[in-house]
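*Asks:* The sequence and its predicted three-dimensional model are supplied below.
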Amino acid sequence: MSSTTVQHSARQAGTARQASTARQAGTARQVSTVRSKALGAPSRGVRLTGRGRMLVRVVLAAVLVLAASLGAVAMARAAGQGQAAPAPRVVVVQPGETLWELGQKIAPGRDPRDTVAAIRRINHLDSAAVQAGQRLTLPSS
C-alpha cells in the first residue's frame, strides 16, 4: 500500500470515529432532552435578576426566622407544662389567733387588710371570725 492510501484510510477511519461519536452525543442529548421534557423540567434554567435573587434570599430568611420562633414558642410551652403548680399553703388557726394577726405574719410588708380579704375570698369566709383548729388556705405570695 502506498502512503497516500494509508493516509486516506486513516482519514476515513478518523471521520468514521468522529461521526460515530457525534451520533452517540446527539443520541445522548436527545435522550436527556426527552427525559427532561417527560419529567416536566424546562429545557433552560430559570434566570433571575439581581433583585430577584435578593427577594428569594429575603423570603428564605423570613421562613427560617418564622420556623425558629415557632420552634422556640413550642419548646417554651412544653417546658411550662412540665412544671407543677406550687402546693397551696395551709395553716391551722391557733387559740386566740385572728385573721389580722395571720395576715401580718404571712405578708409582713403588705397591708394586712388586703391579706385578710384574700384569705376570706380563698376560704369562702363570710366574716373575719375564725375558730381555733380551723384550717385556712393562704394566698400565694
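*Replies:* Everything's here; your move.
*Asks:* Please count neighbours and contacts with C-alpha atoms only from this point.
*Replies:* OK.
*Asks:* hang on, P139 in a strand?
*Replies:* No - looking at P139 with DSSP: H, G, I helix; E, B strand; the rest coil, it is coil, so not inside a strand.
*Asks:* Now it. Its backbone dihedrals?
*Replies:* phi -70, psi 150 (degrees, to the nearest 10).
*Asks:* In contact with it, which residues?
*Replies:* Counting by C-alpha atoms under 8 Å, 6 or more residues apart in numbering, P139 makes contact with 88-89, 115, 118-119, 122.
*Asks:* Now tell me which helix or strand of the chain has the poorest mean pLDDT.
*Replies:* Between all helices and strands in the chain, the lowest mean by mean pLDDT, DSSP states H and E belongs to helix 3-38, at a mean of 56.
*Asks:* Which helix or strand lies directly C-terminal to that one?
*Replies:* helix 50-82 (DSSP states H and E).
*Asks:* Which SSE is immediately downstream of that following helix?
*Replies:* Counting by DSSP H and E, what follows helix 50-82 is strand 90-92.
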